[in-house]
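> return a 3D structure for these sequence lines:
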Amino acid sequence: MSETENSEQHALCHGCGENQRLTQQSSPKFPDGGWAMEFEHFGYYGGFSDDIDVAFGKRKSGSWSLCHDCVVRFFDAFPLLAEKFGQGHHPNFVHTDLPNGERGTSNVSCCRFAWTWNVYEMNGKRCYDTYYGDGNGGWVLHHNDVPS
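Numbering: from 1, shown residues only. A predicted model of the protein is given here:
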């Protein structure tokens, strides 16, 4: 394990080899907007990744992580899997702070799997319209929260 993998603030992406900022979760180390998974989540007896030696305690499991951009490339390589996952996976990672710390569609979307909201008052109710990234930096309305 490299020194960068042991960093308190970064994790190594096993797709591109770049250091990635960690989420606010302390353990295990999750890359912000990425994936982190134990190897046996992909393995089973007789499968492509046969993990029978882990099941019998012969070796410890390993884990891997992918940064945000490598997950997007993964879904580009496997479009049916991306379709199964759908949209709206994570909050947008490209943002500038708006008044009152709010974020919204005035920011560019980082990818087609991002979501954000616009917050507003209507008829004395705080409303949240949800948007999904369109894959080109823009947003598509997913849910309108107008009070009835």
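> burial check on residue 117, number of neighbours?
Applying other C-beta atoms under 10 Å, we find 19 residues neighbouring residue 117. The way it works is simple: take the backbone N, C-alpha and C, and place the C-beta from them, glycine included.
> do residue 53 as well
Residue 53 has 11 nearby residues by other C-beta under 10 Å.
> and what of residue 34?
23.
> you'd agree it is up against residue 66?
Yes. With contact defined as C-beta atoms under 8 Å, residue 34 reaches residue 66; the gap is 5.1 Å.
> so residue 80 is in which element?
helix 79-85 (DSSP states H and E).
> show residues contacting that helix.
75, 76, 113 (C-beta atoms under 8 Å, 6 or more residues apart in numbering).
> if I look at the nearest residue to residue 90 once chain neighbours are set aside, how far off is residue 11?
Take residue 90 and drop its neighbours on the chain: the residue closest to it by C-beta to C-beta, 6 or more residues apart in numbering is residue 33, 5.5 Å away. Relative to residue 11, residue 33 is positioned 12 Å away (criterion: C-beta to C-beta, to the nearest Å).
> flag the shaky bits of this structure, pLDDT-wise.
Along the chain, segments meeting pLDDT under 70 span 1-8, 24-29, 40, 93-103, 147-148.
> domain assignment for it?
Here the domain parsing of the chain from automatic domain parsing is 1-85, 87-148.
> ok, back up a step: touching both of residue 34 and residue 66, which residues are there?
Shared contacts of residue 34 and residue 66, counting by C-beta under 8 Å, 6+ apart, come down to residue 13.
> which helix in this protein has the most residues?
For the chain, the helix that runs over the most residues, judged by DSSP state H, is helix 68-77.
> need the nearest residue in space to residue 51, chain neighbours excluded.
residue 43 (3.7 Å).
> would you mind measuring from that neighbour to residue 21?
Distance from residue 43 to residue 21, by C-beta to C-beta: 29 Å.
> the two: which has the busier surroundings?
residue 43 (17 against 14).
> my guess is that one meets residue 61, correct?
No. Using C-beta under 8 Å, residue 43 makes no contact with residue 61, being 9.1 Å away.
> mutual contacts of the two, please.
Joint contacts of residue 43 and residue 61 (C-beta under 8 Å, 6+ apart) are 51, 54.
> show me the strands in this protein, by range?
10-12, 19-21, 35-38, 63-66, 90-91, 114-122, 125-133, 139-143 (DSSP state E).
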